[in-house]
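Peer 1: next come a sequence and a model predicted from it.
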Amino acid sequence: MTEFFYEDLLPLGEDTTTYRLITTEGVQTVEGPDGVPYLKIAPEALQTLAREAYHDISYFLRTEHLEQLAKILEDPEASANDRFVALDLLKNANVASAGVLPMCQDTGTAIIKGERGQRIITEGNDERALSRGVYDAYTELNLRYSQNAPLTMYDEKNTGCNLPAQVELYADTHRGHECDYHFLFMAKGGGSANKSYLYQMTKAILDPEHMMQFLEEKIRSLGTAACPPYHLAIVIGGTSAEYCLKTAKYASAHYLDSLPTHGSECGNGFRDVEMEKAVFELTQQMGIGAQFGGKYFCHDVRVIRLPRHGASLPVAIAVSCSADRQAKAKITPEGVFLEQLDFNPGRFLPATTDEELGSDGEGAIHVDLNRPMAEVLAQLSQYPVKTRLALSGTMIVARDIAHAKIRERLDNGEPMPQYMLDHPVYYAGPAKTPEGMPSGSFGPTTAGRMDSYVDRFQSLGGSMIMVAKGNRSDQVTQACHKHGGFYLGSIGGPAAELAAHCIKKVELLEYPELGMEAVWKIEVEDFPAFIVVDDKGNDFFAGTQEVTLTIGKRPGL
């Protein structure tokens, strides 16, 4: 019989994170039974930490992430589109670092993981104090409210403050952590959260050939809707499906980087660094690139192997997007500390001009949207997919709920709204507008959620030009071919840059009660986009879904 053993399922190594002191107020060491020290933390300290965390991760990134973007500009193998996207994301980081426009319009669901030492004393409900800090950040800053409360199975109402937060607190029983309270703060936007996948597989894929075949297919299916370049995480195994998926989420945030790099008979999880290299090379060969073709679909890859039940093999895939929003934190006897993010991203901006980074070595095609729709369509029809455009003029903004409202009108025998006939439709929802500015952060949302509306709307003359992010289904390609429409892909990620330099005016048009999901009219200047689906049945992303690597030629294996 095997003797008893114990090892943490995820045995993390030393924390090498650089922290900055937020405050020493609300934290004191008190004497407990037998003279043992305890750490007493006031609710205000938790509230302050959460508020500061969601401020920082909304406006700043880690230095490592910025360095990875700068590396794309220096890589001679990167495509022109890779470099164009990377430069725009660096510009976006620089605009956001002023602390006014958040880096992404989808300021996300607030997710907090806490691990509380055994000698921590707090008053009342820690989750409440942390949630109050989330409330403070989202209501005081120029952030967007994205949380919908279910009133019935089918009726919802925006909560108007971005609560509830997802707060999960655990006991930390490790020796030496008795008076420590550790945290991970994340802001998970819908785009990247929607690209978390769980697959229930079997041992049949546990060999290099079949594993890489499986992973290639699933990675290609991620598409670009969640704003690459990605931090990609893959977890193979797990004591339960939910544990597998949660581990992938933490891995995508680089929270599990200090795991051991080998397994043992004790069943601990570990990082497979060789497979990380192999999968990373695979992503560079797929051709998807940083949204519009090229090499940089991913910045990096994490692969974690977990123990499993003999009859189960869960596999989870998750990403952190170009708005790589997370930070560690801790409260110790010395005070309240938050991970030091990079406050000076401007130093990563190169001297390279936009013209030198044009699509295929050429500048963008300028498109005047303030013309009859037929004239704009005729101009777009002259160019192939992947052509870079600079749009100027009027666009209508409408996303999920607005599309549903318009469909209800059509179902009731009403005509297509004139604004949908006259102008391109931009799938987006703005963050709050800062005082004195024309727009809040206002990047594109995921196009695929509107796919089911396209054929009907185009048959009535609406949605003839659509602007959003990510790949689309075949039904959109067929609709554009049949009705003469276009889908233009905008860069996913640079919401602050778009607000600061491209969006000149925002006007509420219809459905004010929907908040950020209302219909808006905006005026844009040199708004960047690429032709993704044209009127001839071509779809840039169609070829990227084919598994092309042959068995025996997989990188790194």
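Peer 2: Here it is on my side, so go on.

Peer 1: mind checking pLDDT for the closest residue to residue 260 other than its chain neighbours?
Peer 2: By the measure of C-beta to C-beta, 6 or more residues apart in numbering, the closest residue to residue 260 outside its immediate chain neighbours is residue 270, 4.9 Å from it. For glycine as for every other residue, the C-beta is placed from the backbone atoms N, C-alpha and C. The confidence metric pLDDT takes the value 98 at residue 270.

Peer 1: what about residue 270, how many neighbours?
Peer 2: In terms of burial, residue 270 registers 18 neighbours under the definition other C-beta atoms under 10 Å.

Peer 1: surely it and residue 258 touch.
Peer 2: No. Here residue 270 lies out of contact with residue 258, judged by C-beta atoms under 8 Å, at a distance of 11.1 Å.

Peer 1: can you give me phi and psi for the residue nearest to residue 260?
Peer 2: The main-chain torsion angles of residue 270 are listed as degrees, to the nearest 10 and equal phi -150, psi 160.

Peer 1: residue contacts, it?
Peer 2: Residues touching residue 270, when contacts are defined by C-beta atoms under 8 Å, 6 or more residues apart in numbering, comprise 259, 260, 261, 262, 263, 304, 305.

Peer 1: between those residues, which is closest to residue 497?
Peer 2: Ranked by distance to residue 497 (C-beta to C-beta), the contacts of residue 270 are led by residue 304 at 33.7 Å.

Peer 1: give the bridge partners for the closest one, please.
Peer 2: residue 235, residue 271 (DSSP bridges).

Peer 1: please report phi then psi for the residue nearest to residue 45 when sequence neighbours are not counted.
Peer 2: Spatial nearest neighbour of residue 45, chain neighbours left out: residue 26 (3.2 Å); criterion: C-beta to C-beta, 6+ apart. When read as degrees, to the nearest 10, the backbone of residue 26 gives phi 80, psi 10.

Peer 1: what does residue 99 give?
Peer 2: Dihedral angles (degrees, to the nearest 10) for residue 99: phi 80, psi 20.

Peer 1: which residues does it contact?
Peer 2: 55, 59 are the contacts of residue 99 under C-beta under 8 Å, 6+ apart.

Peer 1: the residue nearest to residue 519 when sequence neighbours are not counted: neighbour count?
Peer 2: Nearest residue to residue 519 in three dimensions, chain neighbours excluded: residue 510, at 4.1 Å (C-beta to C-beta, 6+ apart). Residue 510 has 16 neighbouring residues, counting by other C-beta under 10 Å.

Peer 1: also residue 229?
Peer 2: 30.

Peer 1: pLDDT at it, what is it?
Peer 2: According to the model's per-residue confidence, residue 229 sits at a pLDDT of 97.

Peer 1: repeat for the one 3 residues further on
Peer 2: As summarised for this prediction, residue 232 has a pLDDT of 98.

Peer 1: nearest residue to residue 110 other than its sequence neighbours?
Peer 2: residue 165 (3.9 Å).

Peer 1: from what I can see that neighbour touches residue 108, true?
Peer 2: No. Here residue 165 lies out of contact with residue 108, judged by C-beta under 8 Å, at a distance of 10.4 Å.

Peer 1: so between the two, which is more surrounded?
Peer 2: The neighbour count for residue 165 versus residue 108, taken as other C-beta under 10 Å, is higher for residue 108 (26 against 21).

Peer 1: distance of the more buried one relative to residue 216?
Peer 2: As judged by C-beta to C-beta, to the nearest Å, residue 108 and residue 216 stand 29 Å apart.

Peer 1: which residues in the stretch 201-350 of the chain form helices?
Peer 2: Under the criterion DSSP state H, counting those that start in this stretch, the stretch 201-350 of the chain carries helices at the ranges 208-221, 241-252, 273-285.

Peer 1: got JSON lines for these, with distance to residue 183 too?
Peer 2: Below are those laid out as JSON lines (distance: least, C-beta to C-beta, whole Å):
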{"stretch": "helix 208-221", "distance to residue 183": "30"}
{"stretch": "helix 241-252", "distance to residue 183": "13"}
{"stretch": "helix 273-285", "distance to residue 183": "26"}
